[in-house]
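Visitor: My questions concern the predicted model and sequence given below.
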Amino acid sequence: MTAVRHTGAEGFLQRFEGLRARLPGRRLPWLEALREDAARAFRAQGLPTRRVEAWKYTDLRPLGEAGFEEALSSIDGGQALPVAHGGSARAVLVDGRFRADLSALDGLPYAAGSVAAALPGLEGRIGTVAPAAALPMVALNAMLFEDGLLLTVPAGVAGGVLDLLSLASGGARPEAFHPRHLIRLEAGASLTLIETAMGPEHDGTTLHKPVYEIEVADGATLVHARLQQEGRQGFHLSAVHARVAAGGTYDNFTLVAGARLTRNEIHIALTGPGAAAHMNGAQLLAGGQHADTTTYLDHAAPGCASRQTYKTVLAGRSRGVFQGKILVRQAAQKTDGYQMNQALLLSPEAEMNSKPQLEIYADDVKCSHGATVGEIDHGQLFYLRSRGVPEAQARSLLIQAFLQEAVEGVTDEAARAALGAAVTGWWEREALA
């Protein structure tokens, strides 16, 4: 008898039923209740469709039709890993599972390790910053997560730089993994986290669906640089949820350069006076790639500042989306918010959708937003060509100049260097592909 192949939301629900007995924490009543509540929420909402306003520009039907199964890792301890960006400290996840044998975490002044190994002590920490009930893709992660990075930097500790490598092994069948990362910086702590997501370029279809729950306490600073360079057969749907307390800073930069379909959601709440958020990013798209950056910034306290600069470069038949909402609550007087989204079209077949939003309930604020879409300046291109610069190199230089503002917004030198290296020569590589 041929097994029935379930797709769409039902496929993920069937996978949850099949994996329930093997998922970590099955004997923890609070975690079992969390997973069951998430399954009910996901069953009620299903996979978002384009009729949902927040998903108007992104179609998940290819994701629902893939029929994903549990990932079977094929990366072993002897395999060469990408070079670290910021130092010797490294945490490695393969197919969403923490790998102590590939990580290098000895001697750190803070605790970092596996979520799965620490589950008995995590009641009240999972699902608090990123509740599952309101967002179906967070509910999907809560149903199916097996592991993730657990990281806590104690008060006053300067944590330096940590590389996080998220690797997908790939295979003959579509495989999905849903890590849940829990990151907490206590009062006055600091850390730079440089994350690289990589996967097979041609071998297999993968779904990487991480959720981040980030807590930045009073006066703490987290620089979070993310490089998404997964294979062109992959799907990457991430959700970052961060709460920033008084005087704290969360500095996020996300570079999207891989995967067939990417959805990068960032939800930040500034909950204490003087908190700050920097949200910058770049999307480098070619062929038939689709990338959607959706941000939600909640100014909930007075005297907070936020800056957002997102740049998108589109070649071929690629499609980019930017949706950015700034909410200023009535208590958030003296808010200073800025948002800019710009796109550079390299092909007449490329498309960019931009939807900035401001929702303001306070009367003493300074908020602005803007959006531009255009082509390469042909005058500048002619100038470089007339000086003997080959066309591919000239276009690459102009693209790098376009992206520079977003990259320079990253405050940490190691993170900025890693992002700059990923951007350099992108067009030249695409032109040769």
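Guide: Done, it's in.
Visitor: C-alpha from now on. contacts and neighbour counts both.
Guide: Noted.
Visitor: Distance check, residue 111 against residue 132.
Guide: 26 Å (C-alpha to C-alpha, to the nearest Å).
Visitor: do the same with residue 235
Guide: Applying C-alpha to C-alpha to residue 235 and residue 132 gives a distance of 21 Å.
Visitor: Which strands and helices lie in contact with the helix or strand harbouring residue 296?
Guide: Following DSSP states H and E, one finds residue 296 within strand 290-299. Helices and strands touching strand 290-299, by 3 or more C-alpha pairs under 8 Å, 6 or more residues apart in numbering; DSSP states H and E, are strand 261-270, strand 319-328.
Visitor: On the C-terminal side of it, identify the next helix or strand.
Guide: Downstream of strand 290-299, the next assigned helix or strand under DSSP H and E is strand 305-314.
Visitor: Name the residues that touch that next one?
Guide: 274-286, 320, 335-347, 350-351, 399, 402-403, 405-406 (C-alpha atoms under 8 Å, 6 or more residues apart in numbering).
Visitor: Any idea how far the strand holding residue 296 is from the middle of the chain?
Guide: Distance of strand 290-299 from its chain centroid, counting by C-alpha atoms, centre = their mean, to the nearest Å, is 10 Å.
Visitor: quick check: angle from it to strand 261-270?
Guide: Going by axes from the mean of the first three to the mean of the last three C-alpha atoms, to 10 degrees, strand 290-299 is angled at 10 degrees with respect to strand 261-270.
Visitor: Starting from strand 290-299, tell me which strands it pairs with and how they run.
Guide: Using DSSP bridges, the strands paired with strand 290-299 are strand 261-270 (parallel), strand 319-328 (parallel).
Visitor: Let's see the first one as PDB, backbone CA atoms only.
Guide: So that's strand 261-270. Extracted C-alpha coordinates of strand 261-270, given in PDB (Å, rounded to 0.1, in the frame of the first residue of the first chain):
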ATOM      1  CA  LEU A 261      12.600  31.700  -0.700                       C
ATOM      2  CA  THR A 262      13.500  33.700   2.300                       C
ATOM      3  CA  ARG A 263      11.300  35.400   4.900                       C
ATOM      4  CA  ASN A 264      13.200  37.400   7.600                       C
ATOM      5  CA  GLU A 265      10.900  38.700  10.400                       C
ATOM      6  CA  ILE A 266      12.300  40.900  13.100                       C
ATOM      7  CA  HIS A 267      10.100  41.900  16.100                       C
ATOM      8  CA  ILE A 268      11.700  44.200  18.600                       C
ATOM      9  CA  ALA A 269      10.100  45.800  21.700                       C
ATOM     10  CA  LEU A 270      11.900  48.700  23.400                       C
END
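Visitor: Could you give the average pLDDT over stretch 116-123?
Guide: Averaging pLDDT along stretch 116-123 yields 97.
Visitor: Quote the end-to-end distance of it.
Guide: 12 Å.
Visitor: and if you look at stretch 18-31?
Guide: Where stretch 18-31 begins and where it ends lie 17 Å apart, using C-alpha to C-alpha.
Visitor: Would you write a PyMOL line that selects the buried entries of the contacts of strand 305-314?
Guide: In PyMOL syntax, the buried subset of the contacts of strand 305-314 is picked out as below (16 or more other C-alpha atoms under 10 Å):
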select buried, resi 274+275+276+277+278+279+280+281+282+283+284+285+286+320+335+336+337+338+339+340+341+342+343+344+345+346+350+351+399+402+403+406
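Visitor: Hmm, residue 166 is touching residue 96, no?
Guide: Yes: counting by C-alpha atoms under 8 Å, residue 166 touches residue 96, with 7.1 Å between them.
Visitor: can you put the strands paired with strand 290-299 in TSV and add mean pLDDT and distance to residue 375?
Guide: Shown next, in TSV, are the strands paired with strand 290-299 (pLDDT from 0 to 100; distance: least, C-alpha to C-alpha, whole Å):
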stretch	mean pLDDT	distance to residue 375
strand 261-270	97	23
strand 319-328	97	14
